[in-house]
Structures are given as C-alpha cells and as structure tokens.
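J.: got a structure for you, letters missing:
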C-alpha cells in the first residue's frame with residue numbers, strides 16, 4: 001500500500017534529521033511542513049531526503065492541512081497517511097506497527113497510544129497527562145469513543161481522512177480527527193507506542209501559554225462537536 005508521511009515542523013533543526021533517518025522504507029513520500037521556522041529545519045529536512053513545504057502561518061493543524069493539500073494534488077494518491085512529530089519524541093520505526101491494522105483491513109484509523117506504551121520519565125508533563133486523561137474521558141462520555149490518548153503519531157486511510165473535512169488549524173487537530181472519525185463511523189484501534197524526551201523545548205508544554213492554549217482548544221473542540 002502507498003504510504004506517505006506528514007511531519008509538521010517548527011524550529012526542529014536538531015531533531016528532524018534523526019526522525020527522517022529512522023522512518024521505515026515502506027514509505028513513499030516523507031513530507032516535512034516547515035511551519036515558519038527561523039532555523040535550518042528546511043535545510044536539514046531537504047538534506048535528509050524529505051519533500052519540504054513552507055507554511056508561513058503558525059499552527060500545528062495549519063501545517064497538517066498544508067501537507068494534505070499537497071497530497072491531494074498528487075497524480076497517485078496515497079492509501080495511508082501517517083502523522084509524526086518532528087521533535088524525535090516518537091519512535092519512527094514503530095510506524096510498521098501503527099500501519100499494520102490498516103494494511104490487514106482491521107481499521108481505518110490507528111492511534112499510537114503513549115498511555116498504553118512505555119514513557120521515558122519527563123517525556124510528558126503532568127498537564128499533558130491530565131489533559132489527555134480528561135479529554136479521552138469526555139470523548140467516551142459524549143461520543144462513546146474508547147480512546148486512551150490524543151497522540152500525534154497516527155495513521156489513517158487517505159480516502160477516510162478526506163471525508164472528515166478537517167478544519168482545525170492549531171491544537172485541536174488531533175482530537176478533531178478522532179471525534180469526526182467516531183461520528184463518521186470509521187473503524188479505529190490503538191496500538192502501544194513508546195515515547196521519549198523530545199529534543200529541545202516544547203512549543204506547547206514548554207510554556208504556560210502553550211499549556212493553557214492547548215487545553216482550552218481541546219475542550220472547546222469537544223464541546224463544538226458534541
């Protein structure tokens with residue numbers, strides 16, 4: 001199956017090369033969306049063999065949407081799209097495990113669950129852990145959606161992703177996908193993934209503004225689609 005990877009990246013020059021190098025060779029295209037970086041993220045990504053798109057407007061979801069627009073213009077569409085962070089906190093080689101349920105026709109979408117895997121000490125802050133717990137509990141209560149994580153490392157069938165008509169341009173991207181997948185009747189599963197301390201400082205959990213901004217947007221997104 002044709003698999004393409006989308007990696008949003010903002011000032012990840014020290015990590016992005018490692019991420020790209022460890023992506024399994026089952027992937028056709030590695031697409032790094034340079035999200036208004038002011039370092040050498042673009043240069044390092046190109047040198048590592050990625051396709052680099054520039055998205056000057058900051059926002060995780062905005063970068064993901066840029067990647068989707070590129071995929072939509074390809075002569076041959078992918079069958080599976082994988083989303084992966086650029087900070088080297090995920091283990092790219094675990095992509096094989098994440099796409100397997102889709103390849104075996106057991107799921108339309110697979111979430112890499114950090115809650116079910118092994119986390120390095122300090123890889124997630126207490127607000128992140130609590131936020132994930134609260135969000136997944138609310139999704140179960142409101143949508144009967146049995147998730148354990150909002151992890152960014154995930155895979156989904158391209159045709160199913162297009163049908164979701166994703167809109168969020170920042171912190172609500174992951175939970176929007178999960179809620180819409182449930183409401184659209186997509187089949188989904190979770191697989192345990194490992195998680196380590198990221199390279200550099202997080203733009204979200206590393207600042208008070210980022211923590212509260214992400215938390216507010218996640219709760220707002222749940223309320224919006226209830």
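T.: Right, received. Where do you want to start? What you see is a predicted model, and the numbers here were worked out from it, not measured in a lab. Numbering: from 1, shown residues only.

J.: going by C-alpha atoms from here, please, whenever you check contacts or count neighbours.
T.: Noted.

J.: tell me who's in contact with the most centrally placed residue in the chain.
T.: By C-alpha atoms, centre = their mean, the chain has its centre lying nearest to residue 152, at 2.9 Å. Applying C-alpha atoms under 8 Å, 6 or more residues apart in numbering, we find residue 152 in contact with 83-85, 111-112, 174.

J.: so which of these is the most crowded?
T.: Using other C-alpha atoms under 10 Å as the neighbour criterion, residue 112 leads those with 29 neighbours.

J.: separation between that one and residue 47?
T.: According to C-alpha to C-alpha, to the nearest Å, residue 112 and residue 47 sit 28 Å apart.

J.: equivalent analysis for residue 123, please.
T.: According to C-alpha to C-alpha, residue 123 stands 28 Å off from residue 47.

J.: likewise residue 10?
T.: For residue 10, the distance to residue 47 equals 17 Å [C-alpha to C-alpha].

J.: farthest pair within the contacts of residue 152?
T.: Spatial extent of the contacts of residue 152 (C-alpha to C-alpha) is set by the pair 85 and 111 at 13.3 Å.

J.: residues shared between the contacts of these two?
T.: Common contact partners of residue 85 and residue 111 (C-alpha under 8 Å, 6+ apart): 152-153.

J.: in contact with residue 16: list those residues for me.
T.: Residues in contact with residue 16 (C-alpha under 8 Å, 6+ apart) are 9, 41, 44-45, 86-88.

J.: can you count the residues close to residue 40?
T.: Per other C-alpha under 10 Å, the neighbour tally for residue 40 reads 16.

J.: oh sorry, the question was meant for residue 180
T.: Neighbour count for residue 180, taken as other C-alpha under 10 Å: 18.

J.: where does residue 127 sit: helix, strand or coil?
T.: Look at residue 127: counting by DSSP: H, G, I helix; E, B strand; the rest coil, its state is helix.

J.: show me what the lowest-mean-pLDDT helix or strand in the chain is packed against.
T.: Least confident helix or strand of the chain, by mean pLDDT, DSSP states H and E, is helix 208-224 with a mean of 75. Contacts defined by 3 or more C-alpha pairs under 8 Å, 6 or more residues apart in numbering; DSSP states H and E place helix 208-224 against helix 126-143, helix 173-183.

J.: show me where this protein has helices.
T.: 16-21, 41-47, 60-72, 95-103, 126-143, 158-164, 173-183, 208-224 (DSSP state H).

J.: I'd like the average pLDDT over the first one.
T.: Per-residue confidence for helix 16-21 averages out to 98 on the pLDDT scale.

J.: what residues of it count as buried?
T.: Along helix 16-21, these residues count as buried under the neighbour rule (16 or more other C-alpha atoms under 10 Å): 16-20.

J.: got it, and the second one?
T.: By neighbour count with 16+ other C-alpha under 10 Å, helix 41-47 contains the buried residues 41-42, 44-45.

J.: quick one: that helix to chain centroid distance?
T.: Relative to its parent chain, helix 41-47 has a centroid offset of 20 Å by C-alpha atoms, centre = their mean, to the nearest Å.
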